[in-house]
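Participant: Return atomic coordinates for the entry below.
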Amino acid sequence: MKKIRSRIGLCSVVLAIFLAGILVLLNTYRKNASEWFLTPYNRHLYSSENVLLTGTIADRNGVVLSYVKNGERRYHANADVRMSTLHVVGDPYGKIGASALATMRDDLVSFSAAKGISSVDEAGNTVVLTIDAKLNAAALEALDGRNGTVCVYNYKTGEILALVSTPTFDPSDIPEDIEENPSYAGVYMNRFLSTTATPGSVLKPVILQAALESGLQASDLDPAQSGPLIDWNFTCKGVNRFPDGYVNCPKVHGKQSLIETLADSCNCAYATLAVALGPDTVSEGIRKSGLTDSYKVGTVNTAHGAFRFTGIYDYQLGYAGVGLYLDQVNPCSLLVYYAAIAGGGRAAVPNTVLEIRDENGKLLRRPETELTRELLDASTAEYLRKALSEDVRLSYGTDRFPCAIAAKSGTVSQSKGASNCWFAGFTTDEDKPYAFVVYLEHGGTGSRAAGDVAAAVLSHLVP
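Facilitator: Numbering: from 1, shown residues only. This next block holds a predicted model:
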């Protein structure tokens, strides 16, 4: 009898351990099933070449940009749409690391832990992007074969309406020489999100902001003058000499008001401001502007900007103040800064994802609008809005653009080839709250080449 009782007790212990193991296994399955299911080794989801074989990507208007049919990932029928949306949508093999196909695989897969592999179909979930496919195609056309990036977004909602990065390629007809041909150098990189470049004169509003918010007075720059900085007049002689070097201007501008120094893009004036402020104040101004921040756009973190202000001579600080020397900015961060000027000091963080829906159209997730911290004081933003509007009127011509805008150009000379250039700004109609940035590599001048690209894209957005 004792033996039977002991055996019953032993069996009970074994059963308890078995049941506990089952519970642990079920709990582990509950927690990790989705992760196990999404592994690239799962041939129910991926081809032997790591192509995701489920999930749909559409633009904001419901235009399907990528889908799966008969075990093959396919793209929109129009080649211009395919090429212009490539860096947002992604290539079949996930080489464009900042794209939806590379970073949102778990959102594209419709998975049920209860049904397992039987829950998978080719349609999968649908990631609806914020971009407009037609506007993207128009931006690609405006780039006209030049390398660079264009982005337009709603600075109140954060929705990116157009985002093009070049060079690009057709994901339905990938060039055989893409890895060797130098014309495709950097093609897997999204220039808007993941690169930096020398800003040139598009940095000057940041220096002006630092000067305005530091309390700098006209007398601090010229003892013969008095009053606040906004009353300062500067006489440009074409060169600004410092004890250790000099800063040149493209031309002799003569006597200018503060707003005219921005419209004339006077290097001598902004070198004077930077040196008067000193490296610490300039550095703090750039930090406040967000140009050294990284923003999370959808699921991707943008590149940090970089500036050097320690151990430099005055003339080098002067060149840093006009966006040259060792200055590097990320196009997204620059766009957000100009958007914050339009928004009174803050702006929405850009986003590429509008919503995610399941195979039946049920809403699964819709990202919330996120605002930046305060990038500039409200009074400074108001002054810069006026100054940048005057910049367009005096320097670029209001008739070039389909709507009223405030903007600044930047041109950065290169040792070989045409200059790199920028054009950044925003629409002044608050009912059409759009900010934009254009960057062209070896594109020409910012005021003409990059400005023309911006005008062309805006003409499709604001007819």
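Participant: could you pull out the strands for the stretch 351-463 of the chain?
Facilitator: 353-357, 363-365, 405-412, 420-427, 434-440 (DSSP state E, counting those that start in this stretch).
Participant: Sheet-wise, list the partners of the fourth one with their directions.
Facilitator: Strand 420-427 pairs in its sheet with strand 405-412 (antiparallel), strand 434-440 (antiparallel), by DSSP bridges.
Participant: Residue 109 and residue 427: what is the separation?
Facilitator: From residue 109 across to residue 427, the span is 39 Å (Cβ to Cβ, to the nearest Å). To be clear about C-beta, it is placed using only N, CA and C from the backbone, and glycine gets the same treatment.
Participant: higher neighbour count, those two?
Facilitator: Between residue 109 and residue 427, counted using other Cβ atoms under 10 Å, the more crowded position is residue 427 (24 against 21).
Participant: residue contacts, that one?
Facilitator: Residue 427 is in contact with 342, 403-405, 433-435, 458, 462, counting by Cβ atoms under 8 Å, 6 or more residues apart in numbering.
Participant: Could you rerun that using 10 Å?
Facilitator: Residues in contact with residue 427 (Cβ atoms under 10 Å, 6 or more residues apart in numbering) are 152, 155, 342, 401-407, 433-436, 458, 461-462.
Participant: Now a PyMOL select for only the buried ones of these.
Facilitator: This is how PyMOL selects the buried members of the contacts of residue 427, with burial counted by 16 or more other Cβ atoms under 10 Å:
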select buried, resi 152+155+342+401+402+403+405+406+407+433+434+435+436+458+461+462
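Participant: Compare the strands paired with strand 420-427 and report which one is nearest to residue 59.
Facilitator: Ranking the strands paired with strand 420-427 by proximity to residue 59 (Cβ to Cβ) places strand 434-440 first, at 17.0 Å.
Participant: Off-centre distance for the closest one?
Facilitator: 10 Å (Cα atoms, centre = their mean, to the nearest Å).
Participant: quick one, what contacts the closest residue to residue 422 other than its chain neighbours?
Facilitator: Closest residue to residue 422 apart from its sequence neighbours, by Cβ to Cβ, 6 or more residues apart in numbering: residue 410 at 3.9 Å. Applying Cβ under 10 Å, 6+ apart to residue 410 gives the contacts 197-204, 265, 322-324, 329, 334, 419-424, 439, 445-447, 450.
Participant: Give me the pLDDT for residue 410.
Facilitator: Per-residue confidence at residue 410 stands at 97 (pLDDT).
Participant: Report the separation between it and residue 348.
Facilitator: For residue 410 relative to residue 348 (Cβ to Cβ), the value is 24 Å.
Participant: Over to residue 102?
Facilitator: Taken as Cβ to Cβ, the span from residue 102 to residue 348 is 24 Å.
Participant: Look at these two and report which has more neighbours.
Facilitator: Counted by other Cβ under 10 Å, residue 102 and residue 348 do not tie: residue 348 has more neighbours, with 22 against 19.
Participant: Show me where the stretch 51-200 of the chain has its helices.
Facilitator: 79-84, 86-89, 100-103, 105-108, 133-143, 191-194 (DSSP state H, counting those that start in this stretch).
Participant: got those helices as a markdown table, with distance to residue 354 and mean pLDDT columns?
Facilitator: Output for the helices of the stretch 51-200 of the chain, formatted as a markdown table (distance: least, Cβ to Cβ, whole Å; pLDDT from 0 to 100):
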| stretch | distance to residue 354 | mean pLDDT |
| --- | --- | --- |
| helix 79-84 | 17 | 98 |
| helix 86-89 | 12 | 98 |
| helix 100-103 | 11 | 93 |
| helix 105-108 | 12 | 88 |
| helix 133-143 | 13 | 98 |
| helix 191-194 | 18 | 97 |
